[in-house]
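Trainee: Turn this into a model:
(2 chains)
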Amino acid sequence: DVKVTQSSRYLVKRTGEKVFLECVQDMDHENMFWYRQDPGLGLRLIYFSYDVKMKEKGDIPEGYSVSREKKERFSLILESASTNQTSMYLCASRGNSYEQYFGPGTRLTVT
Amino acid sequence: GQQLNQSPQSMFIQEGEDVSMNCTSSSIFNTWLWYKQDPGEGPVLLIALYKAGELTSNGRLTAQFGITRKDSFLNISASIPSDVGIYFCAGPYSGAGSYQLTFGKGTKLSVIP
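Mentor: Coordinates of the predicted model:
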């Protein structure tokens, strides 16, 4: 079974803090993704990576950056958290098929 | 761009009833994926469809890849309380963005015991 883990299930941060969300997959997948999910807006792609040290912007990259130093790990960084970044963050990974496998999510609250 | 429309947006059913939901696209897809998301959790892949007309089952769940390749259907038979959640359809972008999936907004299912 594919296993995607995320470092925290719940996080509370203050406005202006730097926030790191970590994601690890154990299936040697090339591709990894970060989404945010908000009521009424569905899943929106922030960034994805198709190889180590490679990254591509998704639909809503503003205010975020990513890091992929190792194949199994993909980090999402909020350089200066803002209240409008309060959301559910989901990491996913994908091998050679189109099937993406998701982690359990991190619910981030920025106050 | 590609859009996926899911219907219904939400449904309330009695335990034991069968459920049908569908997903339509403005363009042709060569793959359809169905996910379920439990409250507070990440989506879990239920069924993947790769061929037009394909009918695939996973327990009480059955999904079909529409002949036109612009739609897909998910049926749940004899619903139980643990079927509660949001069901998403998804398909790959065509062309250069093919790493990515486009997702429907989901069908929220509530089961009344």
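Trainee: Can you list the low-confidence ranges for the chain?
Mentor: Chain wasn't specified; assuming chain A. Counting by pLDDT under 70, chain A contains no low-confidence residues.
Trainee: my bad, the chain I had in mind was chain B
Mentor: Checking chain B against pLDDT under 70 turns up B:1-2, B:94-98.
Trainee: tell me the contacts of the residue of it found nearest chain A?
Mentor: Nearest to chain A in chain B, going by Cβ to the nearest Cβ, is B:Gly42, at a distance of 3.7 Å. Any C-beta I mention is one placed from the backbone N, CA and C, and that applies to glycine too. Going by Cβ atoms under 8 Å, 6 or more residues apart in numbering or on different chains, B:Gly42 touches A:Val4, A:Leu90, A:Ala92, A:Phe102, A:Gly103, A:Pro104, A:Gly105.
Trainee: Give me the subset of those that lies in strands.
Mentor: Counting by DSSP state E, the contacts of B:Gly42 place A:Val4, A:Leu90, A:Ala92, A:Phe102 in strands.
Trainee: With distance to chain B and neighbour count added, can I get those in JSON lines?
Mentor: Compiled in JSON lines, the ones in strands among the contacts of B:Gly42 are given as follows (distance: Cβ to the nearest Cβ, whole Å; neighbours: other Cβ atoms under 10 Å in any protein chain shown):
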{"residue": "A:Val4", "distance to chain B": "8", "neighbour count": "23"}
{"residue": "A:Leu90", "distance to chain B": "5", "neighbour count": "26"}
{"residue": "A:Ala92", "distance to chain B": "8", "neighbour count": "27"}
{"residue": "A:Phe102", "distance to chain B": "4", "neighbour count": "23"}
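Trainee: farthest-separated two in those?
Mentor: Spanning the widest gap among those are A:Val4 and A:Leu90, at 9.3 Å by Cβ to Cβ.
Trainee: residues shared between the contacts of the two?
Mentor: Common contacts of A:Val4 and A:Leu90, defined by Cβ under 8 Å, 6+ apart, comprise A:Phe102, A:Gly103, B:Gly42.
Trainee: could you dump those residues to a markdown table with distance to B:Ser77?
Mentor: Shown next, in a markdown table, are those (distance: Cβ to Cβ, whole Å):
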| residue | distance to B:Ser77 |
| --- | --- |
| A:Phe102 | 25 |
| A:Gly103 | 30 |
| B:Gly42 | 25 |
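Trainee: Just give me the closest of those residues to B:Gln64.
Mentor: For the shared contacts of A:Val4 and A:Leu90, the nearest to B:Gln64 is A:Phe102 (23.4 Å; Cβ to Cβ).
Trainee: The closest one: what's it in contact with?
Mentor: The contact partners of A:Phe102, by Cβ under 8 Å, 6+ apart, come to A:Val4, A:Leu90, A:Cys91, A:Ala92, B:Tyr35, B:Gly42, B:Pro43, B:Val44.
Trainee: Next, give phi and psi for the residue lying closest to it once chain neighbours are set aside.
Mentor: Spatial nearest neighbour of A:Phe102, chain neighbours left out: B:Gly42 (3.7 Å); criterion: Cβ to Cβ, 6 or more residues apart in numbering or on different chains. Dihedral pair for B:Gly42: phi -80, psi 160, per degrees, to the nearest 10.
Trainee: Thanks a lot, catch you later.
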